[in-house]
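Participant: only geometry, no sequence info:
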């Protein structure tokens with residue numbers, strides 16, 4: 001069982017990690033969602049606060065768009081798997097992440113994605 005976080009910009013994976021003011025967190029177990037994903041609203045966009053949230057919440061995997069090298073290196077140093085440069089709807093990204101088929105640099109449809 002592990003947690004996955006996707007920084008959001010509306011219905012899409014946030015284009016930039018440091019500009020996301022909200023994120024969705026999903027619990028995955030045995031290749032499936034374990035309950036509905038929950039949305040977290042940050043006080044303001046901040047890559048540092050998002051990194052602290054990821055470490056504090058014991059997130060194992062992050063799916064994001066663009067991410068600064070400093071934050072990418074910090075997260076991977078903390079043993080967080082980062083799948084970056086993902087473009088498209090967050091539901092489609094979550095669906096592929098659950099299936100284990102999401103790769104860095106993937107362009108996804110805006111919808112329909114996972115039915116939540």
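Facilitator: Thanks, I have it. It should be emphasised that the depicted structure is a prediction, and the values quoted were computed from it without experimental measurement. Residues are numbered from 1 along each chain as shown.

Participant: In this protein, which residue sits furthest out from the middle?
Facilitator: Distance from the C-alpha centroid of the chain, by CA atoms, centre = their mean, peaks at residue 30 (18.5 Å).

Participant: what residues are up against the closest residue to residue 57 other than its chain neighbours?
Facilitator: The shortest distance from residue 57 to any non-neighbouring residue, by CB to CB, 6 or more residues apart in numbering, is to residue 3 (6.5 Å). The way it works is simple: take the backbone N, C-alpha and C, and place the C-beta from them, glycine included. By CB atoms under 8 Å, 6 or more residues apart in numbering, the contact list for residue 3 reads 25-28, 57-61.

Participant: that's a strand at residue 3, yeah?
Facilitator: Yes. Counting by DSSP: H, G, I helix; E, B strand; the rest coil, residue 3 falls inside a strand.

Participant: give me the beta-bridge partners of it?
Facilitator: residue 27 (DSSP bridges).

Participant: And the pLDDT at it?
Facilitator: At residue 3, the model reports a pLDDT of 97.

Participant: just residue 63 next, same as before
Facilitator: As predicted, residue 63 sits at a pLDDT of 98.

Participant: and it, how many residues sit next to it?
Facilitator: Other residues lying near residue 63 total 25 when counted by other CB atoms under 10 Å.

Participant: Pretty sure it sits against residue 4.
Facilitator: Yes. Contact status for residue 63 versus residue 4: in contact at 6.7 Å, counting by CB atoms under 8 Å.

Participant: Of the contacts of residue 3, which is the most crowded?
Facilitator: Going by other CB under 10 Å, residue 26 tops those with 24 neighbours.
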